[in-house]
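S.K.: whatever this is, show me its structure:
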Amino acid sequence: MPPKLLCPPELVFAAWIASIPGFAPDVVATVLPTNSDTWAANGAVIMFTVGGTEGTYIAVSDTVCQIECWACNPGGNEPPWLMAEGMAGQIRLACLDRPNISRPLMIAQNKVAYPGASVRGAQVLTVARRVYGASSDYAGIIFDLYLTWTQDGLITR
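M.R.: Sure thing, here's the model as predicted:
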């Protein structure tokens, strides 16, 4: 019997953010798309795990990821700060939308389907702040996001 596949936390975050109206799965990932022309119109969001805990006796994860909201103005000299700040604001508002935080998520990457997950709670932990890209036409906003989530079908004994 093959081992049970576990959802990587970053993919749970990516699926949850991509499910927020205005975000698309193809621009929410663990790495920034290499071709900025593909995400210039709507921006892109990337994330990586920075902390958290796993349940000792129950299968629940409390994970913290750093979220980076990126906007770009290819060929321009003016970074689109308002666009990046707006994206971060939409994620914060989704955390305040308590009735709609918990929703089933389909988790997949590189043609690998992971078990689904459900977010039980969401909270922005740090104030959103600017980060400067290597290029003068990039604007980035970073903050830490905390999700409490469970993997579908994962039962502990």
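S.K.: show me what the biggest helix by length in the chain is packed up against.
M.R.: Ranked by residue count and defined by DSSP state H, the top helix of the chain is helix 81-96. If you count contacts as 3 or more C-beta pairs under 8 Å, 6 or more residues apart in numbering; DSSP states H and E, helix 81-96 packs onto strand 61-72, strand 112-124, strand 138-151. For glycine as for every other residue, the C-beta is placed from the backbone atoms N, C-alpha and C.
S.K.: format the ones you listed as TSV; extra columns: distance to Val50, mean neighbour count and mean pLDDT.
M.R.: Shown next, in TSV, are the helices and strands packed on helix 81-96 (distance: least, C-beta to C-beta, whole Å; neighbours: other C-beta atoms under 10 Å; pLDDT from 0 to 100):
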stretch	distance to Val50	mean neighbour count	mean pLDDT
strand 61-72	5	22	96
strand 112-124	14	16	93
strand 138-151	6	20	95
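S.K.: for Leu93, which of those is the nearest?
M.R.: Counting by C-beta to C-beta, Leu93 lies closest to strand 112-124 out of the helices and strands packed on helix 81-96; the figure is 9.8 Å.
S.K.: just the angle for the closest one relative to strand 138-151, thanks.
M.R.: Computed with axes from the mean of the first three to the mean of the last three C-alpha atoms, to 10 degrees, the direction of strand 112-124 lies at 110 degrees from that of strand 138-151.
S.K.: which secondary structure elements does strand 112-124 contact?
M.R.: helix 9-18, helix 81-96, strand 104-109, strand 138-151.
S.K.: return the longest helix of the chain as CSV; C-alpha atoms alone will do.
M.R.: C-alpha atoms of helix 81-96 as CSV (Å, rounded to 0.1, in the frame of the first residue of the first chain):
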residue,chain,number,x,y,z
TRP,A,81,2.0,50.1,-5.4
LEU,A,82,-1.7,50.7,-5.3
MET,A,83,-2.4,47.4,-7.2
ALA,A,84,-0.1,45.4,-4.8
GLU,A,85,-1.7,47.0,-1.8
GLY,A,86,-5.1,46.3,-3.1
MET,A,87,-4.3,42.6,-3.5
ALA,A,88,-3.1,42.4,0.1
GLY,A,89,-6.2,44.3,1.2
GLN,A,90,-8.5,41.7,-0.6
ILE,A,91,-6.8,38.9,1.3
ARG,A,92,-7.2,40.7,4.6
LEU,A,93,-10.9,41.3,3.8
ALA,A,94,-11.3,37.6,3.1
CYS,A,95,-9.9,36.8,6.6
LEU,A,96,-12.6,39.1,8.1
